[in-house]
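Chemist: give me the fold of what follows.
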Amino acid sequence: MKQIQTDFINKLGIGAFAYISISEFCGLFEYVFENILIIIKTEPKIIIWLPGIMSLILFTVIVIWGIKKFNKPIEIDTRKVLNSLIYLYFGILIAQYLFIYFGTDFLTEKYSAEFDFYNKANKGSLILRGYLANIPILQFVVFGIILLKNRKTVANNV
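Modeler: Predicted coordinates for the structure are as follows:
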């Protein structure tokens, strides 16, 4: 009985850390992509929309790939997988911190004209940014739809 409870808790942790790792990775991708678009002097409205949409697409692709890849009845060491996902999550957080702390200062110094242009052109886009605040909600919707769509497949494999 103790083994079943531990296995359930490990599987719950695997799901939670997999989800937040994917979300944090997509957030890092979005931030880096936005900086790249600023540096290459893309239209400011595109810089506002495109990184969020690309992040949502990347999130969807990773979740679908993960479900297809790991949707097989195989024995796994849940403790080992959970530990790996915890390390992955903290690795992504460290990468985010390092890029924001060191990379942002470096980029704003090296490409100050591009960042100044983007900031000046972006002043009137508060409503547009408000719409983009719904992208994390869309991630939950997409995740729920994917899980509901694959529910029959998962139930048949167990």
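
Chemist: ok, and what's touching stretch 6-13?
Modeler: 78, 79, 81, 82, 85, 86 (C-beta atoms under 8 Å, 6 or more residues apart in numbering). Just so you know, the C-beta spots here come from the backbone N, C-alpha and C atoms, and that holds for glycine as well.

Chemist: may I see the buried residues of the lengthiest helix in the chain?
Modeler: The helix that spans the most residues within the chain, counting by DSSP state H, is helix 2-39. Buried residues in helix 2-39, counted by 16 or more other C-beta atoms under 10 Å: 10, 13-14, 17-19, 21-28, 30-31, 33-35, 37-38.

Chemist: which ones are touching residue 26?
Modeler: Residue 26 neighbours (C-beta under 8 Å, 6+ apart): 55, 56, 58, 59, 62, 139.

Chemist: and the helices in this protein?
Modeler: Using DSSP H, helices in the chain cover 2-39, 44-70, 78-98, 104-110, 112-121, 126-132, 135-149, 151-157.

Chemist: gap between the second one and the chain center?
Modeler: Offset of helix 44-70 from its chain centre (C-alpha atoms, centre = their mean, to the nearest Å): 8 Å.

Chemist: any idea of the mean pLDDT for it?
Modeler: Confidence over helix 44-70 (mean pLDDT, whole number) is 89.

Chemist: against residue 115, how distant is residue 143?
Modeler: 33 Å (C-beta to C-beta, to the nearest Å).

Chemist: try residue 93
Modeler: From residue 93 across to residue 115, the span is 25 Å (C-beta to C-beta).
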